[in-house]
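J.: Requesting a structural model of the entry that follows:
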Amino acid sequence: MHPLEKMFRPRSVAVVGASGDPEKLGGRTLLHLKELGYQGRIYPINVSAAEVQGLPAWRSVAELPETPDSALILLPASRVAQAIDDCAAKGVKHVQVLSSGFAEEGGEGVAMQARLAEQARAYGIRLTGPNCLGSISPPDGFFGTFSSLLATAKPPPGIVGVATQSGAYGSHIYAVAGFRGIGISRAIATGNEVDIDVSEAIDYLVEDPGTRVICASLEGCGNGDRLRRALLKAAAARKPVIIMKVGSSEVGAAAAATHTGSLAGEDRVIDTVFRECGALRVSSIEEMLDVAYVCSIAPLPPLESAGMISVSGGIGVLMADACVDAGLTVPVLSSEALAEIHAVQPMAGGRNPIDTTAQLAGRLHVIETISQSMMRGADLGALLFYLAHLGRDMRRFPKIEGAFLALRRNQPDRTVVAVMTHIDEVRLRLEAQGIPVFEDPTRAVRAVAGAARLRRLQEAAEALPVATPAEPLGMAIANEAMAKALIARAGVPVPPEEACATVEAAIAAADRLGYPVVMKILSEDIPHKTEVGGVLLNVADGPAVAAGFATLMQRARTARLDALLDGVLVAPMMRGGVETIIGTLRDPVFGPMVMFGLGGVAVELFRDVAFASAPLTPQRAEALIDGSRGAVLLKGWRGGPPLDRPALVEALCALSHFAAAHHDEIESVEVNPFLVREKGACALDALVAFRGTAKNH
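T.: Next up, the predicted model:
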């Protein structure tokens, strides 16, 4: 039995703070348990009444004739800790604190919430909340919540599980789901999460045999590893997770010392984690429920491609545009398939979508041939039918139904969707055969695209490789030369270069390296050298090196009078290739992340970067590169030669393993630019930020 099973399916429950007034939260929760079909034993706890809402009441959990499976606490915040002591003394192991007045209100509430966390740990109690809405299990008639929805509507039982932090958000999801006929298996709102969080609720829903689709919402995440494990577990079980994350923030001031940190932010990081772990991130409740509806009715499309049959040319074009916007391909049908279609419907137009024209209404017997020909004529993951208002005509519906059912029999792994206005009887009959029904064409397309993307994400999801342990670095980086030496030892290629404290040393270094050279100021106080004119390109000879040395020193002192100057860095001038940026940052929740994008000034101009969790495998590094639009430049642009992508992959993997092995020490690494050439690649600049150090270069 999963540790959270009794939160959803208790055989007995105590309502601590039960009231005879159904307008009060304790009264409303008790009423829901009494009236909505719960078959377990209910124990109202009220210090001053012998009977509450017709049920015998007890003054304390300690007086109960048995140990209840679960307790719902609806008391003033100041009395909750004592109630938990009472539950512990009785042996109750599952408690939901629906009371508010804790950390969400600040002040004394923070301390009271901290005490609840200590009690849960000390007593071994699994605790939801505080400030939560409770849990429901419609198939069991269990509604352990004060949600006002239940005064007017009862979520129907089904196979969609819901896990959210926000109570109002969660109840809105299962309310709207119910209004749309989407049944709920279990739902929970975790509130302030002193113990049980959304990640653990997802873990439970993955194991729950009554749940096939999971909808989840996060406001924040305190345990990144637990969330990763839960989402990967769902992907392995092929249970779709449709998830929302509200709010975003920067990952922290220390990481923001580099472009890697400032470009990341919590929202980018968590978007990456969702994708890597096989979950589909959506941006609205409507989209969440549309995708959940398709996933709960039909098989997930095996391909991200769609065919469309429409009685309206305009709606067909609308749906085709929506497919492109949503990432679905629209393959052109084969000439053989088009010939078969024209043989039974000569007036049909298009190559996909197929415009049958409104004349199809009088020739419904041909719809089966058209649909079967489309499936044979292209690799389609889904087939969508726009049929206007035929779903309201029970005289004609049987012919449509027959075509749909034949298609489902012949193509059982494909998604078939009907788009039409309809009556409930039509919808229910089609849903029973695995065919979702929509009224809005664009929403139908987006839902199918989400389901198809979910399948691809699930298939690609994999646990992170284990980082190889490494000896502590035990150092702080002072300047670019030292940073490059560090990443070079990690396996990132660096060109030959020399740090020079004097003019004479700089001239000698340039003579050895060969002209022209690059000269850069070396200072732990000036990490972004171009901002102070601290870089000189194409330095041609010894006298130019001498003049350049003086120029760089003068510019640095003008920009930062108090800067510690270590001299200049002399390196050969590198030409050709594409400047990229590679970097890492330590996210406070999800650990080390890797970044790739176009480098140089382009990183700030276009912000075209992609992220992945560290460490990388070569396959995951390839996917990271492809996540940036700039990756196309590596293939050769406007007749140029293809660049050394394997060298880039090798460098990304090396940097990622270095960051993962030293995540306790390193805050971020930035290599910008990392030059990718026709043969080979190398780091032209580098910054390393150590955790807890004042100087981050």
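J.: how does the chain divide into domains?
T.: Per automatic domain parsing, the domain ranges recorded for the chain read 5-247, 304-442, 496-572.
J.: now those in a markdown table, with mean pLDDT, mean neighbour count and distance to residue 580?
T.: Every residue, glycine included, has its C-beta placed from N, CA and C. A markdown table is the format used below for the domains of the chain (pLDDT from 0 to 100; neighbours: other Cβ atoms under 10 Å; distance: least, Cβ to Cβ, whole Å):
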| stretch | mean pLDDT | mean neighbour count | distance to residue 580 |
| --- | --- | --- | --- |
| domain 5-247 | 95 | 20 | 27 |
| domain 304-442 | 93 | 18 | 25 |
| domain 496-572 | 93 | 18 | 17 |
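J.: As TSV, those domains with distance to residue 685 would be great.
T.: Shown next, in TSV, are the domains of the chain (distance: least, Cβ to Cβ, whole Å):
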stretch	distance to residue 685
domain 5-247	30
domain 304-442	36
domain 496-572	8
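J.: Nearest to residue 275, out of those domains?
T.: Checking the domains of the chain against residue 275 by Cβ to Cβ gives domain 5-247 as the closest, at 10.0 Å.
J.: From the chain's centroid, how far away is that closest one?
T.: 24 Å (Cα atoms, centre = their mean, to the nearest Å).
J.: swap in stretch 432-452?
T.: With Cα atoms, centre = their mean, you get 22 Å for stretch 432-452.
J.: first to last residue in that stretch, what's the distance?
T.: 21 Å (Cα to Cα, to the nearest Å).
J.: swap in stretch 474-484?
T.: First-to-last residue span, stretch 474-484, Cα to Cα: 16 Å.
J.: Could you pull out the strands in the stretch 351-500 of the chain for me?
T.: Ranges of strands in the stretch 351-500 of the chain, per DSSP state E, counting those that start in this stretch, are 354-355, 382-386, 415-419, 437-438, 498-500.
J.: What is the third one packed up against?
T.: When contacts are defined as 3 or more Cβ pairs under 8 Å, 6 or more residues apart in numbering; DSSP states H and E, strand 415-419 sits against strand 382-386, helix 397-410, strand 437-438, helix 441-460.
J.: Give me the angle between the first one and helix 397-410.
T.: Our comparison of strand 382-386 with helix 397-410, counting by axes from the mean of the first three to the mean of the last three Cα atoms, to 10 degrees, yields an angle of 170 degrees.
J.: Name the residues that touch strand 382-386?
T.: Applying Cβ atoms under 8 Å, 6 or more residues apart in numbering, the external contacts of strand 382-386 come out as 301, 305-312, 315-316, 319, 328, 367, 371, 374-375, 404, 407, 411, 414-420, 441, 444-445, 448, 452.
J.: Only alpha carbons, please: show it as CSV.
T.: The C-alpha trace of strand 382-386 is given here as CSV (Å, rounded to 0.1, in the frame of the first residue of the first chain):
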residue,chain,number,x,y,z
ALA,A,382,-4.2,11.4,-35.8
LEU,A,383,-7.2,12.1,-38.0
LEU,A,384,-9.6,14.9,-37.2
PHE,A,385,-13.0,15.3,-38.7
TYR,A,386,-14.8,18.6,-38.9
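J.: quick one: strands adjacent to that strand?
T.: Sheet pairing for strand 382-386, assigned by DSSP bridges, gives strand 306-310 (parallel), strand 415-419 (parallel).
J.: In JSON lines, list those strands along with distance to residue 134.
T.: Shown next, in JSON lines, are the strands paired with strand 382-386 (distance: least, Cβ to Cβ, whole Å):
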{"stretch": "strand 306-310", "distance to residue 134": "40"}
{"stretch": "strand 415-419", "distance to residue 134": "35"}
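J.: hang on, the earlier thing: can you redo the helices and strands packed on strand 415-419 as CSV with distance to residue 88?
T.: Supplementary listing: the helices and strands packed on strand 415-419 in CSV, determined by distance: least, Cβ to Cβ, whole Å:
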stretch, distance to residue 88
strand 382-386, 53
helix 397-410, 54
strand 437-438, 50
helix 441-460, 40
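J.: between these, which one is nearest to residue 578?
T.: helix 441-460 (26.6 Å).
J.: Out of the domains of the chain, which gets nearest to residue 664?
T.: Of the domains of the chain, the one closest to residue 664 (Cβ to Cβ) turns out to be domain 5-247, at 14.8 Å.
J.: Quick check, central residue of the protein?
T.: By Cα atoms, centre = their mean, the chain has its centre lying nearest to residue 274, at 2.8 Å.
J.: in which helix or strand would I find that residue?
T.: Per DSSP states H and E, residue 274 falls inside helix 259-276.
J.: between the helices and strands packed on strand 415-419, which gets nearest to residue 149?
T.: Taking the helices and strands packed on strand 415-419 one by one with Cβ to Cβ, helix 441-460 is closest: 23.4 Å.
J.: now the closest one against strand 306-310, angle please.
T.: 160 degrees.
J.: Go through helix 441-460 and flag the buried ones.
T.: Buried residues in helix 441-460, counting neighbours by 16 or more other Cβ atoms under 10 Å, are found at 441-458.
J.: Quick one: the strands in the stretch 201-350 of the chain, in order.
T.: Going by DSSP E, counting those that start in this stretch, the stretch 201-350 of the chain shows strands at 213-218, 241-245, 280-281, 306-310.
J.: Reformat the ones you listed as a markdown table; add distance to residue 549.
T.: Shown next, in a markdown table, are the strands of the stretch 201-350 of the chain (distance: least, Cβ to Cβ, whole Å):
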| stretch | distance to residue 549 |
| --- | --- |
| strand 213-218 | 54 |
| strand 241-245 | 51 |
| strand 280-281 | 52 |
| strand 306-310 | 64 |
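J.: Could you work out the end-to-end span of stretch 567-584 for me?
T.: Terminal-residue distance, stretch 567-584 (Cα to Cα): 27 Å.
J.: and that stretch, how far out from the chain's middle?
T.: 34 Å.
J.: How about stretch 272-286?
T.: 4 Å.
J.: Check the separation of the first and last residues in it.
T.: Using Cα to Cα, the end-to-end distance of stretch 272-286 comes to 22 Å.
J.: contacting residues around that stretch?
T.: For stretch 272-286, using Cβ under 8 Å, 6+ apart, the contacting residues are 172-173, 176, 216, 224, 227-228, 231-232, 234-235, 240-245, 271, 288, 291, 443, 450, 453-454, 457-458, 460-461, 590, 593, 611-613.
J.: go on, stretch 484-492?
T.: 473, 477, 494, 497, 582, 650-651, 654-655, 657-658, 669, 671, 674, 683, 686, 688.
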